[in-house]
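# got a sequence here, can you build the structure:
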Amino acid sequence: MILIVTLNPLLEKKYFINEFVARKEYRGVIPIFSVGGKGINVSRQLKKLKIDSLNFTFLGGDKGKTIRIMLAEEGLNFTSVKTKFETRDATVIIETDNRNVTTFFSENSLVTDIEVDEAIQKLDKMIQNSEFVVLSGSSPSKNCDKIFPKLIELANKYDKISVLDTYGNHFIDCINAAPTIIHNNISEISTSLNINLTSESEIMEFLSSLYTKGIKQAFITDGDKSVYCNKADFHYKIIPPKIDLHDSTGSGDAFTAGIIYGHYHDLIFEETVKLAVSLGTINASSFNVCTVEL
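Numbers count the residues shown, from 1 in each chain. Predicted coordinates:
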């Protein structure tokens with residue numbers, strides 16, 4: 001089983017218009033609702049690749065109820081801890097003419113200490129029955145920062161493959177817990193760790209430092225620029241193909257799904273990387289998120 005943990009899901013309301021002008025009224029625009037969150041995007045892409053996964057997340061309030069219905073309708077398996085407070089949301093304005101995307105996020109969801117402990121207890125049992133543990137997206141609050149490092153610790157204890165794609169204050173603790181695989185973009189790493197990765201040598205040095213911490217594979221992306229990664233102490237550089245860019249939202253999640261797909265099907269490393277880069281690239285050529293066909 002592939003277990004995917006998303007701590008900070010959201011309900012998205014998307015508006016597609018030709019061009020957005022401030023202080024102008026737009027009438028008759030019908031919103032499209034979708035469920036967001038990095039881990040849920042990964043699960044959605046895996047389903048397109050004919051791989052089922054189980055999502056674990058926090059859901060609360062009316063938006064949480066709506067997300068439950070939408071996940072079920074989409075055919076994404078999930079279980080959740082019910083939270084006292086409302087799940088966050090976002091309004092997304094997509095300008096189809098000039099391909100600008102503007103997103104207004106609400107405040108992060110609040111999670112109580114009791115709910116955090118309940119999640120860790122449930123996930124301890126679920127990890128034992130999983131082959132892969134995917135930890136994706138941001139941490140909604142300070143008391144949630146301990147969850148991902150703890151889950152990495154449990155995955156190592158039970159000899160499971162852990163895949164990490166996160167950022168923020170808890171990122172350093174996640175790295176020190178030694179997940180099997182990590183994926184990040186350069187901006188997330190630089191901001192979370194307060195380091196510079198502006199040159200190729202700095203990126204290579206950072207990859208080597210991750211390997212010394214016990215992280216077997218690391219992938220660093222940077223939009224349409226070169227992808228750097230390592231398997232053990234071998235380093236790779238991949239140049240993505242050029243595309244007609246529409247919206248890069250979810251491209252990192254499609255990339256992560258490709259990494260999981262490669263491990264799930266025992267592909268060689270080079271083929272896994274090619275697939276991951278292709279998924280991330282093709283995702284950016286559309287306004288859809290993580291719906292790339294194999």
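# show me what the one helix or strand in the chain whose mean pLDDT sits lowest pairs with in its sheet, parallel or antiparallel.
Using mean pLDDT, DSSP states H and E, strand 100-105 stands out as the lowest-scoring helix or strand of the chain, at a mean of 90. The strands beside strand 100-105 in its sheet (DSSP bridges) come out as strand 88-95 (antiparallel).
# contacts for the strand it pairs with?
For strand 88-95, the external contacting residues (CB atoms under 8 Å, 6 or more residues apart in numbering) are 8-20, 36, 63, 100-109, 140, 247, 287. Any C-beta I mention is one placed from the backbone N, CA and C, and that applies to glycine too.
# take the residues you listed and keep only those in strands.
Among the contacts of strand 88-95, DSSP state E puts 10-17, 36, 100-105 in strands.
# what is the nearest of the residues you listed to V163?
V163 lies nearest to G36 out of these, by CB to CB, at 19.2 Å.
# against I189, how distant is the closest one?
Distance of G36 to I189, given as CB to CB, to the nearest Å: 22 Å.
# coming back round to it: could you dump the least confident helix or strand of the chain to CSV, C-alpha only?
Output of strand 100-105 as CSV, limited to C-alpha atoms (Å, rounded to 0.1, in the frame of the first residue of the first chain):
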residue,chain,number,x,y,z
ASN,A,100,-1.6,34.3,-15.2
VAL,A,101,-2.8,32.4,-12.1
THR,A,102,-3.6,34.4,-9.0
THR,A,103,-4.4,32.5,-5.7
PHE,A,104,-5.9,33.9,-2.5
PHE,A,105,-5.3,31.5,0.4
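# name the residues that touch it?
Contacts for strand 100-105 (CB under 8 Å, 6+ apart): 10, 20, 88, 90-95, 247, 249.
# next structured bit after that strand?
helix 113-128 (DSSP states H and E).
# centre of the chain versus that next one, how much separation?
Centroid separation between helix 113-128 and its chain, computed with CA atoms, centre = their mean, to the nearest Å, is 20 Å.
# and it, what's buried?
115-116, 118-119, 123, 126-127 (16 or more other CB atoms under 10 Å).
# dump that helix to PDB, keeping only the CA atoms.
This file holds the C-alpha atoms of helix 113-128, laid out as PDB (Å, rounded to 0.1, in the frame of the first residue of the first chain):
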ATOM      1  CA  ASP A 113      -2.700  18.900  20.300                       C
ATOM      2  CA  ILE A 114      -5.200  16.000  20.900                       C
ATOM      3  CA  GLU A 115      -5.800  15.800  17.100                       C
ATOM      4  CA  VAL A 116      -2.100  15.700  16.400                       C
ATOM      5  CA  ASP A 117      -1.600  12.800  18.900                       C
ATOM      6  CA  GLU A 118      -4.500  11.000  17.400                       C
ATOM      7  CA  ALA A 119      -3.100  11.300  13.900                       C
ATOM      8  CA  ILE A 120       0.400   9.900  15.000                       C
ATOM      9  CA  GLN A 121      -1.200   7.000  16.800                       C
ATOM     10  CA  LYS A 122      -3.300   6.100  13.700                       C
ATOM     11  CA  LEU A 123      -0.500   6.500  11.300                       C
ATOM     12  CA  ASP A 124       1.800   4.300  13.400                       C
ATOM     13  CA  LYS A 125      -0.500   1.400  12.600                       C
ATOM     14  CA  MET A 126      -1.000   2.400   9.000                       C
ATOM     15  CA  ILE A 127       2.700   2.700   8.300                       C
ATOM     16  CA  GLN A 128       3.200  -0.900   9.400                       C
END
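# counting contacts, what elements does it pack onto?
With contacts taken as 3 or more CB pairs under 8 Å, 6 or more residues apart in numbering; DSSP states H and E, helix 113-128 sits against strand 2-6, strand 54-59, strand 77-82, helix 147-157.
# okay, the ones you listed in JSON lines with mean pLDDT and distance to T221 next?
As requested, these are exported to JSON lines (pLDDT from 0 to 100; distance: least, CB to CB, whole Å):
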{"stretch": "strand 2-6", "mean pLDDT": "98", "distance to T221": "19"}
{"stretch": "strand 54-59", "mean pLDDT": "98", "distance to T221": "23"}
{"stretch": "strand 77-82", "mean pLDDT": "97", "distance to T221": "27"}
{"stretch": "helix 147-157", "mean pLDDT": "98", "distance to T221": "20"}
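# and these, which is most packed in?
strand 2-6 (a mean of 25; mean count of other CB atoms under 10 Å).
# between the least confident helix or strand of the chain and strand 10-17, how big is the angle?
Strand 100-105 runs at 150 degrees relative to strand 10-17, counting by axes from the mean of the first three to the mean of the last three CA atoms, to 10 degrees.
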